[in-house]
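Visitor: sharing a model prediction with you, sequence too.
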Amino acid sequence: MKKITILSMLAALAQSSYTYAGAMGVMDSTPCLISFLALEGGYSWNQIENYEFSLTGINGRLYSHKSDKGLSGRLAGGIIRPINEQFALSSEIGFGYYGRTNLDQAGTVPPSLPVRLSIRNTLSGFDALVGVGYTASNYSLFFKTGALIQNMSTRTRANFNPFNVALANSVESINYTSVLPELKMEGAYNLSDNWAFTASYFHAFGSNPKTTGNFNVNTLNASFNTNVRNPSLDTVMLGIQYSI
């Protein structure tokens, strides 16, 4: 009976020490680091503007109609570092496709205007973001800032048809790359311990590219003034996230 009593006292002492240590913060169940992969899809809007040319020799102008194909997708990976039970730091890198914009010649083309012009812009890029978030048992909210290395692939096609005779066709492709400041606001709803449904909004701070100029119908000479700085971009996405 004496041995049993001593063992019972030692067990009780060990239990009380464990409880005290946990209360003092020695025992911390908060994970040190969480890795995640995310796949997102949505729609993007850019600030690419229509082209417009004044005409010499006839009354009128040469201008375009803008059509957006904004379906977008993004693959990202990152880490979350909990600060405590309510707040966390996070960083991520990703690659995204942000749609295509076509600028096609609009309006009625005068017979004396032997030019057809179309421009296609395709947007993609890598980004890196860091931020802070609020975390709860079943959801989290994050605000992140960083930069988007945006690539604008531009393909210009010009058809020259004087007197309704196809004389020359010109196709030019060029890439414009720029680093744009970016912000992201994101919410995640936890479906399980590892899976979450996400909704996010991105904004990249760029410019509003536009091509203007003059076309002389009599001499067939043209002058161009092009702003080729990469465009501002707004993107809304829904996705799925897997955490490890």
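Guide: Noted; the coordinates are in hand. Bear in mind that the values here come from a model prediction, so they are computed numbers and not experimental data.
Visitor: first to last residue in stretch 188-207, what's the distance?
Guide: Start to finish, the residues bounding stretch 188-207 are 31 Å apart (C-alpha to C-alpha, to the nearest Å).
Visitor: all numbers from here: first residue = 25
Guide: I'll keep to 25 as the first residue from here, and by that count the last item is stretch 212-231.
Visitor: got the buried residues for it?
Guide: 212, 214, 220, 222, 224, 226-228, 230-231 (16 or more other C-beta atoms under 10 Å). Yep, even glycine has a C-beta here, placed from its N, CA and C like the rest.
Visitor: pull the most distant pair out of the residues you listed.
Guide: Using C-beta to C-beta, the pair of the buried residues of stretch 212-231 lying farthest apart is 214 and 231, separated by 38.7 Å.
Visitor: can you measure across stretch 105-119, start residue to end residue?
Guide: Stretch 105-119: ends 22 Å apart by C-alpha to C-alpha.
Visitor: element containing residue 132, please.
Guide: For residue 132, there is no helix or strand it lies in under DSSP states H and E.
Visitor: so for it, what's the pLDDT?
Guide: We have a pLDDT of 70 for residue 132.
Visitor: over to the one 3 residues further on?
Guide: Residue 135 is assigned a predicted lDDT (pLDDT) of 64.
Visitor: coming back round to it: which of the buried residues of stretch 212-231 lies closest to residue 63?
Guide: residue 222 (9.4 Å).
Visitor: could you identify the helix or strand that succeeds the one helix or strand that closest one maps to?
Guide: Secondary structure assignment for residue 222, by DSSP H and E: strand 219-228. Counting by DSSP H and E, the element after strand 219-228 in chain order, helix or strand, is strand 234-240.
Visitor: wait, residue 152 touches residue 168, no?
Guide: No - if you go by C-beta atoms under 8 Å, residue 152 and residue 168 don't touch, sitting 9.6 Å apart.
Visitor: what about the strands in the protein?
Guide: For the chain, the strands defined by DSSP state E occupy 58-70, 76-80, 85-93, 95-106, 111-129, 139-159, 163-184, 192-214, 219-228, 234-240, 246-251, 257-267.
Visitor: comparing those by mean pLDDT, which bottoms out?
Guide: Among those, strand 246-251 scores lowest, at a mean of 79.
Visitor: nothing else from me, thank you.
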